[in-house]
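Chemist: Have a look at this fold, sequence not included:
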């Protein structure tokens, strides 16, 4: 081969080598992607549990401590997840604000000894001889003013309590506000009536938990009507104390058996005689009242107001006694012995009636409303302040689903017959209302402990507080001024959802 041929040969070889040098990275890259495609083709994606709070756990046994420990760990994890945004911190108040008050139970009420009522954590003594009227368990002669004690005891079994206030969605203040002021409503000056309430807000204001939201995440229970905590002046003749007019109290949410027009008050049910310990007891009672035959069209439990000429109650009683078809039954609370103080007699009548009349008494609301619902009796209201502007968390906003409304002025002026009005309601609508009433029963009772399937009155109240605090917290984070947290003249707001917000304002 000549020199020219050898040169061409080496030039060609160099060209091939250079080409291979440039192609090698591309070949390696292709091999890399090919290996990944092979891996992905053979990889099986693990199954995802559709419920992130659902765990399969072994039942702990004494013989296998490892199972016990692992179960506890999983249970704690499950509780932590389920309690997210639901934790409640309970202030550890000095005993003068709660326990010491009921230690002097004989002094709680001027007109009677309440010591028999405070037993069983405020539920009262068990009802004896219930006959066929009540179920055998969980019925107590409960005083309506002991809600604060009942609520506090029930909170002990709330599933999302925390000792770390920084994780709490809301903070519960277990002060016996109503029992405190109730001791001094007759014959005591304003300084005594205000004394312990003032000490409370002073104590709260010094706690680090208060400064986080300046109290707007705090709530307390009032076992009396809110009027008892809103004395407008220091005139000795004026009623109640000034608990809810203290500057600190304007940042607290108060849950009472009856509210005023202030927007930081929310109504919660009066305590009834039924305090179930299990879902089974509730289901059994619901089935019992649902199957009852009701011989009366309507009933009224109450007493006349002889000193009030234009009393709605007087007209209601007259119409009941004059019922042409004898379809109304009146249980006279002025009778001797005091038949209305016997829970068996009250529930017996309500169980036997389709409708139960609930006119205002000394104030717009009545415990009787909740006794009638408990017995499966459809309540008939004459004033929107008796329920519709009160129990916003516990009752449907569509009031026609569970009740009948008859304007009180039309009855007082004898323009309207209650009997004819109720007879004019179709059987289908009566059936629908009765079904709704039966469904409401768990929501209005205060269970002895946390139930598994049903939410009781405490569960619903706490949920309402947490939602309210969450909205306020969000506004504060956004730098928005919290307007209307405690605002007077809020009846229209409380009637929101009824469709009668403007029409009913003249009642207030």
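Modeler: It's in. None of these values were measured; they are calculated from a predicted model. Residues are numbered from 1 along each chain as shown.
Chemist: Show residues contacting stretch 125-139.
Modeler: Contacts made with stretch 125-139 from outside it, assessed by CB atoms under 8 Å, 6 or more residues apart in numbering, are listed as 116, 119-120, 140-141, 273-277, 281, 284-285, 288, 343-344, 347-348, 351, 448. Every residue, glycine included, has its C-beta placed from N, CA and C.
Chemist: mind checking the backbone torsions on residue 380?
Modeler: Dihedral angles phi and psi of residue 380 (degrees, to the nearest 10) take the values phi -110, psi 120.
Chemist: Please shift the residue numbers so they start at 29 in all later answers.
Modeler: Got it, the first residue is 29 from now on, which makes the last one we talked about residue 408.
Chemist: Centre of the chain to stretch 383-390, how far?
Modeler: Distance, stretch centre to chain centre, for stretch 383-390: 22 Å (CA atoms, centre = their mean, to the nearest Å).
Chemist: all strands for the chain, in order.
Modeler: Using DSSP state E, the strands of the chain run over 116-118, 189-190, 198-201, 246-253, 281-286, 293-295, 324-330, 356-360, 381-386, 406-409, 432-433.
Chemist: just the angle between the fourth one and strand 281-286, please?
Modeler: Angular relation of strand 246-253 and strand 281-286 on a 0 to 180 degree scale: 20 degrees, by axes from the mean of the first three to the mean of the last three CA atoms, to 10 degrees.
Chemist: and strand 246-253, what other elements does it pack with?
Modeler: Judged by 3 or more CB pairs under 8 Å, 6 or more residues apart in numbering; DSSP states H and E, the packing partners of strand 246-253 are helix 175-183, strand 198-201, helix 205-210, strand 281-286.
Chemist: and with 10 Å instead?
Modeler: Using 3 or more CB pairs under 10 Å, 6 or more residues apart in numbering; DSSP states H and E as the contact criterion, the secondary-structure elements in contact with strand 246-253 are helix 175-183, strand 198-201, helix 205-210, helix 218-233, helix 236-241, strand 281-286, strand 293-295, helix 485-505.
Chemist: I'd like the average pLDDT over the last one.
Modeler: Across helix 485-505, pLDDT averages out at 96.
Chemist: Give me the helices and strands touching it, please.
Modeler: When contacts are defined as 3+ CB pairs under 10 Å, 6+ apart, helix 485-505 sits against strand 116-118, helix 175-183, strand 198-201, helix 236-241, strand 246-253, strand 281-286, strand 293-295, helix 455-472.
Chemist: Check which residues of the last one are buried.
Modeler: Across helix 455-472, burial judged by 16 or more other CB atoms under 10 Å covers 461, 462, 464, 465, 466, 468, 469, 470, 471, 472.
Chemist: Pretty sure residue 184 sits against residue 178.
Modeler: No - judged on CB atoms under 10 Å, residue 184 makes no contact with residue 178 at a distance of 11.3 Å.
Chemist: Between these two, which contacts overlap?
Modeler: Each of residue 149 lies in contact with both residue 184 and residue 178 under the rule CB atoms under 10 Å, 6 or more residues apart in numbering.
Chemist: neighbour count winner among those two?
Modeler: Neighbour tally, residue 184 and residue 178, criterion other CB atoms under 10 Å: the higher count belongs to residue 178, 26 against 12.
Chemist: ok, back up a step: can you lay out the helices and strands packed on helix 485-505 as JSON lines showing distance to residue 328 and mean pLDDT?
Modeler: What follows is these, written out as JSON lines (distance: least, CB to CB, whole Å; pLDDT from 0 to 100):
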{"stretch": "strand 116-118", "distance to residue 328": "40", "mean pLDDT": "98"}
{"stretch": "helix 175-183", "distance to residue 328": "24", "mean pLDDT": "98"}
{"stretch": "strand 198-201", "distance to residue 328": "37", "mean pLDDT": "98"}
{"stretch": "helix 236-241", "distance to residue 328": "46", "mean pLDDT": "96"}
{"stretch": "strand 246-253", "distance to residue 328": "21", "mean pLDDT": "98"}
{"stretch": "strand 281-286", "distance to residue 328": "20", "mean pLDDT": "98"}
{"stretch": "strand 293-295", "distance to residue 328": "22", "mean pLDDT": "98"}
{"stretch": "helix 455-472", "distance to residue 328": "17", "mean pLDDT": "97"}
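Chemist: nearest to residue 496, of these?
Modeler: Closest to residue 496 of those is strand 281-286 (CB to CB; 6.2 Å).
Chemist: Return the distance of that closest one from the chain's centre.
Modeler: Going by CA atoms, centre = their mean, the spacing between the C-alpha centre of strand 281-286 and its chain's C-alpha centre is 10 Å.
Chemist: quick check: angle from that strand to helix 485-505?
Modeler: Our comparison of strand 281-286 with helix 485-505, counting by the same axes, to 10 degrees, yields an angle of 140 degrees.
Chemist: Pull up the pairing partners for strand 281-286, direction included.
Modeler: Listed by DSSP bridges, the sheet partners of strand 281-286 and their directions read strand 246-253 (parallel), strand 293-295 (parallel).
Chemist: Turn the ones you listed into CSV, columns for distance to residue 276 and mean neighbour count.
Modeler: Written out in CSV, the entries for the strands paired with strand 281-286 read as follows (distance: least, CB to CB, whole Å; neighbours: other CB atoms under 10 Å):
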stretch, distance to residue 276, mean neighbour count
strand 246-253, 9, 25
strand 293-295, 15, 23
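Chemist: Could I get these in a markdown table, plus columns for distance to residue 203?
Modeler: Putting those into a markdown table (distance: least, CB to CB, whole Å) gives the following:
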| stretch | distance to residue 203 |
| --- | --- |
| strand 246-253 | 5 |
| strand 293-295 | 15 |
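Chemist: Confidence-wise, which helix or strand of this protein is lowest on average?
Modeler: Of all the helices and strands that make up the chain, the one with the lowest confidence by mean pLDDT, DSSP states H and E is helix 93-110; it has a mean of 42.
Chemist: which residues touch the residue nearest to residue 329 when sequence neighbours are not counted?
Modeler: Closest residue to residue 329 in three dimensions, ignoring its sequence neighbours and counting by CB to CB, 6 or more residues apart in numbering: residue 359, at 4.4 Å. Residues in contact with residue 359 (CB under 10 Å, 6+ apart) are 327-331, 348, 367-368, 370, 373-374, 376-378.
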